[in-house]
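Q: just the structure for this:
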Amino acid sequence: MACVERGIGRQGPYWHASAKGLLIERGQYKNGDPAGVWTQWLETGSVAKQTTYADDGSVLHEVTFFENGNKDREATYAGRRRVNTKAEYERIPAGTTRQWFPDGTLRSEENYSNGLLEGPSKEFGPDGSLLVTGQYARGRVVGEWKRYWRQKQLRWSGAFVDGKKDGKWMYWTQSGQLRASVEWALGVRKSDWKPLIAHKPLTPAERAKLAEAQCNAGSENYCADAGAGFLQKGCELGAAGACAAIAEKLPASEASQRDKLFERVCVLTLDANCSEKAKRWPAVIPEMEMGCEKGIAGDCERLSWWYSYKADPL
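A: Residues are numbered from 1 along each chain as shown. A predicted model of the protein is given here:
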């Protein structure tokens, strides 16, 4: 089969093989843009990604896979839009976006409309139990949100109005005891944290031990606090912060593995574009914090992967 070269005016089928002769990528071009279904493979032979393009080169549907062949993430898009004067574009998410754990258990399910989160949002644990449920409207969190412990007990519940906390937020222990409440009014805290049961502060050693137990139980956001030895487990479970921490410690000689980890960070944080900027997380955290304060749901969502443990006290 003839193969066109990458470049202006590309037309027809395209494929790329590794130095070992293994097929790595295959697709076709139309009027210089990728069109139809493109497939990428790992050197093991398993499919890594399948992307469907419109005739103008915009992505319509994309699925990434784990090495075992199970789906990692699946999303649909309504074309693309220009983001600056340099002819750079970003995808416009539309419909339902889903993520899975390596064993095929559903991890999260969210809905988009014209690039903004819209409608119900759910997050699940490795055992399939519901962890988080809530709603979005025009990209902002709205209505009642609930988070559950791994044991399926309610952990906290509270309401949002146009992206801002509002009303009484309630917090429960793992055993189901109501432990505290906080009053909010459109993002402004109106009362202090009100503990309803006695709570003895944990020592650093006790906190590390608890984090280790939670990490081993599948609670990925605790793995970083359990110590360096648990970062790999946290990354495998889907903790973006753990993956980034591993990547940042890799030497320049392992740039390929580092890039793969940062790409996983992009996927886990639901960054549809996975740009170079998204790979430099520590440098852009202040920028995302400002965006979250302005009510940009995407920035709040990405920050939650880094700060959920600290922002959601035991």
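Q: what is the burial count for residue 188?
A: 10 (other C-beta atoms under 10 Å). In this view, the C-beta of every residue, glycine as well, is placed from N, C-alpha and C.
Q: would residue 206 count as being in a helix?
A: Yes - assessed with DSSP: H, G, I helix; E, B strand; the rest coil, residue 206 lies in a helix.
Q: what's the spacing between it and residue 173?
A: 16 Å (C-beta to C-beta, to the nearest Å).
Q: so between these two, which is more surrounded?
A: residue 173 (16 against 11).
Q: wait, that one sits on residue 156?
A: No - counting by C-beta atoms under 8 Å, residue 173 does not reach residue 156; the two are 10.8 Å apart.
Q: quick one: contacts for residue 81?
A: 89-90, 92, 115 (C-beta atoms under 8 Å, 6 or more residues apart in numbering).
Q: give me that answer again for 10 Å
A: Residue 81 sits next to 58, 89-92, 114-115 when contact means C-beta atoms under 10 Å, 6 or more residues apart in numbering.
Q: so it: helix, strand or coil?
A: Following three-state DSSP, we place residue 81 in the strand state.
Q: try the one 3 residues further on
A: Under three-state DSSP, residue 84 falls in the coil class.
Q: isn't residue 96 right next to residue 117, touching?
A: No - the pair residue 96 / residue 117 is not scored as a contact, 11.2 Å apart, by C-beta atoms under 10 Å.
Q: neighbour-wise, which of these two wins?
A: residue 117 (23 against 14).
Q: excluding sequence neighbours, find me the nearest residue to that one.
A: Nearest non-adjacent residue to residue 117, counting by C-beta to C-beta, 6 or more residues apart in numbering: residue 136, 3.7 Å away.
Q: could you pull out the helices in this protein for me?
A: Using DSSP state H, the helices of the chain run over residues 204-216, 231-237, 240-249, 255-268, 276-279, 281-293, 297-311.
Q: worst average pLDDT in these?
A: Ranked by mean pLDDT, those end with helix 276-279 at the bottom, a mean of 42.
Q: what sits in contact with each of residue 96 and residue 117?
A: 110-111.
Q: before we move on, the earlier item: shared neighbours, residue 173 and residue 156?
A: 149, 179-180.
Q: report the beta-bridge partners for the closest residue to residue 11 other than its chain neighbours.
A: The spatially closest residue to residue 11, leaving aside those adjacent along the chain, is residue 29, at 5.6 Å (C-beta to C-beta, 6+ apart). For residue 29, the beta-bridge partners are residue 12, residue 34 (DSSP bridges).
Q: make 51 the first number, not 1, from now on.
A: With 51 as the first residue, the last one maps to residue 79.
Q: what's the per-residue pLDDT of residue 79 here?
A: Taking residue 79 on its own, its pLDDT is 93.
Q: swap in the one 10 residues further on?
A: The pLDDT attached to residue 89 in the predicted structure is 96.
Q: look up how far residue 141 lies from the residue nearest to residue 167.
A: 18 Å.
Q: compare neighbour counts for those two and give me the winner.
A: Taking other C-beta under 10 Å, residue 186 and residue 141 do not tie; residue 186 has more neighbours (23 against 19).
Q: next up, the contacts around that one.
A: 160-163, 166-171, 192-193, 210, 213, 347, 351 are the contacts of residue 186 under C-beta under 10 Å, 6+ apart.
Q: which of the residues you listed fall within strands?
A: Using DSSP state E, the subset of the contacts of residue 186 located in strands is 160-163, 166-167, 169-171, 192-193, 210.
Q: let me know the closest of the residues you listed to residue 304.
A: residue 160 (32.7 Å; C-beta to C-beta).
Q: what is the burial count for residue 220?
A: The burial count for residue 220: 17, using other C-beta under 10 Å.
Q: wait, it touches residue 206, no?
A: Yes - look at residue 220 against residue 206 with C-beta under 10 Å: they come within range, at 6.5 Å.
Q: which residues do the two both contact?
A: Joint contacts of residue 220 and residue 206 (C-beta under 10 Å, 6+ apart) are 196, 229-232.
Q: ok, of these, which come out buried?
A: 229-232 (16 or more other C-beta atoms under 10 Å).
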